[in-house]
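In: no letters, just coordinates:
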């Protein structure tokens, strides 16, 4: 599916890819949901992948809140750069490693809904005009939202399928 170019497409794509991910997880057996991924995979199971998505939602919400106040957010997170994202992702994985799957699912659903509602608060221009907001740099708010939602959900679904070898 092509990359969203307006608010309507962004809302639809975010909703569709999230639903695809949730439906796929619900169709897995309990054993598959808790199965360990192959060695060398940072996210060790489905729960880890979902917690990763949730935490990146939280980081986006922080970037948005700080950036919309006219301040400079710590992107991707305080003490990390895009180059050290693998280290950040390891910290995220450890943070949620003892959180039960049902809690992670609930947290992910809530954070998805919050991020999705942020999309609804903006016009096409506010979402897709590059350099509109100082905090988004040379890109658009929409590009950040695509990264936090649909493209991240696509990544998660592909990773889960690959690691569990489930179609």
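Out: Cool, got the structure. Small disclaimer: the values here were computed from a predicted structure and weren't measured.

In: in the worst-scoring helix or strand of the chain on mean pLDDT, what counts as buried?
Out: Least confident helix or strand of the chain, by mean pLDDT, DSSP states H and E, is helix 30-34 with a mean of 95. When burial is assessed from 16 or more other Cβ atoms under 10 Å, helix 30-34 yields the following buried residues: residue 33. Just so you know, the C-beta spots here come from the backbone N, C-alpha and C atoms, and that holds for glycine as well.

In: run the chain-centre distance for it.
Out: Distance, stretch centre to chain centre, for helix 30-34: 22 Å (Cα atoms, centre = their mean, to the nearest Å).

In: need the next SSE after it, C-terminal direction.
Out: helix 46-68 (DSSP states H and E).

In: could you give the mean pLDDT of the very next helix or strand once past that following helix?
Out: Note on helix 46-68: by DSSP H and E, the next helix or strand toward the C-terminus is helix 85-95. Throughout helix 85-95, pLDDT has a mean value of 97.

In: not counting residues beside it along the chain, what's closest to residue 144?
Out: Among residues not flanking residue 144 along the chain, residue 136 sits closest, at 6.0 Å (Cβ to Cβ, 6 or more residues apart in numbering).
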